[in-house]
Structure formats: C-alpha cells, structure tokens
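Peer 1: Take this sequence and fold it.
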Amino acid sequence: MRRLMVGLLALLLALVSATSSASAADGRPYTNPLKSSKGADPWLEYHDGNYYLVTTTFTGILGIRKSPTLAGLATAPNVQVWSDTTSTRNTNIWAPELHFLDGHWYLYYSAGQGGVACCDSQRTHVLESAGTDPMGPYTYKNTLTGSNLTPGGWLIDASVLQHNGSLYLVGSGFINGSTQSLVIAPMSNPYTLASNTFTIISSPTLSWETSGGAVNEGPEPLYHGGRTFLTYSASFCGTADYKLGQLELTGSDPLNPASWTKKQTPVFQRSDANGVYGPGHNGFFTSPDGSENWIVYHANSSVGGGCGNGRTTRAQEFTWNADGTPNFGTPVALGTTLPGPSGETAATPTSYTLVNRNSGKCLDVNGGSTADGANIFQWTCNGGSNQKWRIEDLGDDTNRLVNVATGKVADVADCSGADGADIRQWSWLNNKCQRFRAVFTATGDYVRLVNESTGKVADVTDCGTANGTDVRQWTWLNNNCQQWRLVPTT
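Peer 2: Sure, this is the predicted structure:
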C-alpha cells in the first residue's frame with residue numbers, strides 16, 4: 001500500500017509539473033507609457049504575431065505602430081496608413097479603432113472639416129482594408145451618421161458591438177438637445193447603417209459623470225462568459241476626474257435603453273498615489289496565448305494635463321470578479337516595470353534595418369563614419385550597427401532616422417528640393433529636412449520614406465543593385481527601388 005501511495009504521489013507531482021511547464025511564461029517586460037506623444041484614445045490589437053496600436057492624431061493622417069512585443073510599441077516606427085485631403089474630413093482625426101469583420105480590417109474614426117473651428121463638424125468615418133493586413137492598404141468606404149444627431153450629424157468615438165450575429169454602431173452624440181450621451185444604431189454591414197436614427201442608451205446623470213461637464217463617450221464592448229459589457233468614459237476629458245463607467249446588456253435588445261444596466265460607481269479612475277490622472281478612453285485586447293485580458297487607455301501625469309497631446313498610452317492586465325464582472329484595478333504608475341502579456345516569444349526590437357524592395361540590400365552609413373556628411377547608400381545586409389536605425393516618432397506624424405552606430409540622422413543635403421539631392425547623415429538640427437514620414441505602400445511592411453520638407457522619397461539611384469549604390473531623394477514613381485521594408489532588430 002505504501003508503495004502504491006508513493007507511486008500515486010509521484011504521478012501527481014509529475015502531472016502538476018507537466019501542467020506548469022506547459023503554461024505560457026510571462027511576456028517580455030514592459031514599462032508604461034507605450035506611446036509618449038499623440039497617445040490619446042488608444043486602440044490596440046494583437047494579430048498574427050504582432051501588436052498594432054493606433055491613436056488620435058488631431059490631423060488628417062492615421063498612423064499605426066507595429067511590434068511583436070508590447071514593450072516594443074514604445075519605440076516602434078509611426079507608419080502612416082491613411083491621409084485624407086477631402087476638405088470635409090481632413091482634420092482632427094480622433095479615436096481610431098481597428099475591427100476585423102467579414103474578412104477585412106475596418107478603421108473607424110471621427111474627423112472634421114479643415115479650415116473651420118473645432119469641433120462641430122466631427123463625423124464618424126470608416127475605411128476598409130484590401131486584404132487581411134491591419135496596415136492596409138485602405139480605401140474610404142463611408143460616413144456614418146444619423147438624421148437625429150445634432151448638430152448636423154455630430155458623432156464621435158464609434159465602436160462596433162456584436163450581439164447574436166448582428167452588428168451595431170455605438171458612439172457618442174447629442175439627440176434632441178440631450179447632454180453628450182452614448183448612442184446606438186443597427187448596421188447592415190461593417191460600413192453601412194441599417195437605420196439613420198440613433199437611440200440613447202446612457203446619459204451622464206450620476207455625479208461622477210459630470211466633472212467639468214456632463215459627458216458619456218468612448219463606448220467599448222467587452223465580452224466574457226456569455227455576458228456583454230460596455231465600458232465608457234465619463235466627465236470632461238480635460239479634468240483629472242475623467243474616468244471609466246460600465247454598462248451591462250441585461251436585456252435581449254441592444255437598441256432598447258431598458259436592456260442596459262448602469263453600474264452606479266466608476267470602474268477605473270484616477271490614482272493620486274500613483275500620479276495617474278484622467279484615465280479613460282480605453283480598448284481591450286488579449287495576450288498572445290489567449291489566457292489574459294488587458295486594458296489599454298490614456299492618462300495624464302498631472303492634474304492639469306488636459307485633452308491634448310500630453311496624454312500618453314498605457315496598458316495593464318485586468319482580472320474578473322467572482323460575480324463575473326471585470327476588475328480593472330488601479331492605474332499603474334509610469335516607470336513601473338511589469339511582465340508583458342503571456343505567450344510573447346519574440347525579442348523586443350530596439351532598432352530596424354531598412355531593406356530595399358528591389359535590391360534586397362540595406363540602408364547603410366558608409367564605413368560607419370561618424371562625420372557629418374557621411375554618405376548613406378545601400379550594401380549587402382550584414383547585421384552591422386551602421387545598418388541599424390532607430391525610427392523615432394517625433395509626435396507630428398513624422399520620424400527621424402537615427403543611425404545606431406553614429407547617433408546621427410538621415411538628412412537631405414542642404415535641404416534641396418531637387419530630384420537627385422543626396423541623402424546623407426548629419427547631426428540633428430531639428431528641421432524638416434531631417435524628418436521623414438514612413439508611408440505604408442504594400443503588404444510585407446514596405447514603406448516609402450517621404451521627406452517632410454521636400455515631399456520626395458528615398459530612392460536607390462537608377463534602381464542599381466550593386467553595393468555602394470547611392471541613396472538619394474526623388475519624386476515618387478511607385479517603383480520597387482523606392483520601397484523599403486522595416487525589419488525589427490535587437
């Protein structure tokens with residue numbers, strides 16, 4: 001009997017050990033913020049081995065950061081995936097969200113009319129991807145608004161709610177002189193409303209929803225255990241008391257206000273002890289192995305942080321209460337190192353190589369020279385630090401390309417606007433000739449590098465394939481010699 005008991009105990013220990021070893025380890029360590037400029041209204045997706053982060057820009061441009069680890073988003077390039085010149089919608093892009101529906105990615109966002117005062121012209125818009133790559137390319141599909149929304153169809157912070165196989169658009173707006181409320185309408189497909197009238201499902205009636213102004217905005221669906229929750233942001237975004245509230249769909253019809261039950265207390269709010277103020281406008285994502293739930297949100301680091309670009313993107317894991325409701329905890333202080341989402345296996349990128357699509361060769365500083373004016377050309381990729389670049393987001397939809405070996409930046413010689421002007425390295429002067437927009441071109445992470453001063457792109461001279469072929473600027477010709485793949489390195 002004793003031998004039998006010992007044997008059973010050994011088997012039990014072996015099973016426990018096997019179960020433990022099979023569970024995913026913590027992800028790569030990360031530290032908030034994930035985005036320190038233009039970090040408001042974040043939306044984060046994990047898809048096919050990478051995280052994708054998109055945030056408010058306040059311009060007519062949409063950019064996405066992509067990284068195999070959560071930590072890597074903090075230094076990932078800002079890649080432009082959309083730019084709009086249509087005057088009715090080419091400014092104040094707010095609250096973009098990515099949703100994969102019917103085999104395509106859809107980018108929902110609100111934007112306004114250029115050349116007019118902010119912000120009565122804000123409407124909701126939707127883009128559709130050509131395929132299954134979250135980076136695009138995208139085409140414009142529709143404006144989503146309602147005839148009973150005032151003023152003139154004003155609608156912001158749209159998200160997509162899924163219930164019993166049907167789609168609903170939830171957002172924030174005004175109906176018949178209401179306060180800024182959560183509104184809903186049915187959809188016939190991801191870019192078309194089935195009705196041009198909206199219904200209010202929540203208005204700011206509780207004291208904690210009216211700090212600085214009566215506001216309900218930023219509705220975000222969360223599904224768990226067969227239940228549907230809707231978090232939302234309450235109070236004015238310019239106050240330290242901007243916070244999250246919660247609805248639950250307790251009835252059968254999302255279009256019926258009586259189907260929604262509001263929690264009477266906030267679910268996520270400021271932490272003076274941790275120096276976190278105005279946390280709100282969140283999204284949700286799951287860890288790569290699917291075992292953890294995470295919240296992404298923006299917040300300020302001071303009481304008077306306001307509603308602008310000072311808000312930073314942050315993320316943390318959350319859990320579930322015994323009654324099946326979410327427990328978001330307390331917002332974590334900046335600078336706190338935390339374990340990343342479970343199931344991350346890739347290394348966190350610290351730099352990138354830029355590989356020409358035509359030649360397969362890398363952007364290189366000649367000989368790793370540290371001199372101002374040293375030439376930038378292409379060379380066989382060899383892993384050298386003079387072929388590694390930090391693509392640093394400058395907070396204005398542009399990046400600077402900093403060579404890891406030299407610490408100097410890619411620069412258009414003498415700020416010339418001419419085709420053929422040399423691209424070289426130079427000390428950072430903080431001018432537009434040293435700023436580049438990485439503009440998504442095609443699947444496979446290829447971008448064109450557009451100089452902010454000249455509007456021209458980094459081009460391999462005469463489409464040469466030899467080592468040492470010069471890289472210059474040239475008018476965009478949409479050829480492979482002007483396309484560069486961003487390859488993460490460590």
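Peer 1: doesn't Tyr108 fall inside a helix?
Peer 2: No - applying DSSP: H, G, I helix; E, B strand; the rest coil, one finds Tyr108 to be strand, outside a helix.
Peer 1: these two touch, right, it and Val126?
Peer 2: Yes - Tyr108 is in contact with Val126 according to Cβ atoms under 8 Å; the separation is 5.2 Å. Placement of C-beta: from N, CA and C, glycine included.
Peer 1: which neighbours do those two share?
Peer 2: Leu144 (Cβ atoms under 8 Å, 6 or more residues apart in numbering).
Peer 1: mind listing what the nearest residue to Val439 once chain neighbours are set aside touches?
Peer 2: Spatial nearest neighbour of Val439, excluding adjacent residues (Cβ to Cβ, 6 or more residues apart in numbering): Gln80 at 4.6 Å. For Gln80, the contacting residues are Ile61, Leu62, Gly63, Asp397, Arg437, Ala438, Val439, Phe440, by Cβ under 8 Å, 6+ apart.
Peer 1: if we go to 7 Å?
Peer 2: Ile61, Gly63, Asp397, Arg437, Ala438, Val439, Phe440 (Cβ atoms under 7 Å, 6 or more residues apart in numbering).
Peer 1: So the first one sits against Asp397, correct?
Peer 2: Yes - here Ile61 lies in contact with Asp397, judged by Cβ atoms under 7 Å, at a distance of 4.7 Å.
Peer 1: part of a helix, is the residue nearest to Val439?
Peer 2: No - using three-state DSSP, the assignment for Gln80 is strand, not a helix.
Peer 1: Could you report the separation of His125 from Phe174?
Peer 2: 19 Å (Cβ to Cβ, to the nearest Å).
Peer 1: Just give me the neighbour total for Arg28.
Peer 2: Arg28 has 18 neighbouring residues, counting by other Cβ atoms under 10 Å.
Peer 1: Which other helices and strands does the helix or strand it falls within contact?
Peer 2: Element membership for Arg28 (DSSP states H and E) is strand 27-31. If contacts are counted by 3 or more Cβ pairs under 7 Å, 6 or more residues apart in numbering; DSSP states H and E, strand 27-31 sits against strand 337-340.
Peer 1: Give me the helices and strands touching the helix or strand harbouring Ile93, please.
Peer 2: Assigning secondary structure by DSSP H and E places Ile93 in strand 91-101. Judged by 3+ Cβ pairs under 7 Å, 6+ apart, strand 91-101 is in contact with strand 43-47, strand 50-54, strand 104-112, strand 149-163.
Peer 1: In the longest one, which residues are buried?
Peer 2: Of the residues in strand 149-163, those with enough neighbours to count as buried (16 or more other Cβ atoms under 10 Å) are Leu149, Gly153, Trp154, Leu155, Ile156, Asp157, Ala158, Ser159, Val160, Leu161, His163.
Peer 1: what's the burial count for Ala71?
Peer 2: Ala71 - counted by other Cβ under 10 Å - has 24 other residues nearby.
Peer 1: From Gly283, how far off is it?
Peer 2: Ala71 sits at a distance of 18 Å from Gly283 (criterion: Cβ to Cβ).
Peer 1: next one: Trp426
Peer 2: Trp426 is 39 Å from Gly283, by Cβ to Cβ.
Peer 1: who has more neighbours, the two?
Peer 2: Gly283 (25 against 18).
Peer 1: Strand 50-54 and the helix or strand hosting that one, what's the angle between them?
Peer 2: Taking DSSP H and E as the criterion, Gly283 maps to strand 277-286. Between the axes of strand 277-286 and strand 50-54, defined by axes from the mean of the first three to the mean of the last three Cα atoms, to 10 degrees, the angle is 140 degrees.
Peer 1: Sweet, I'm off.
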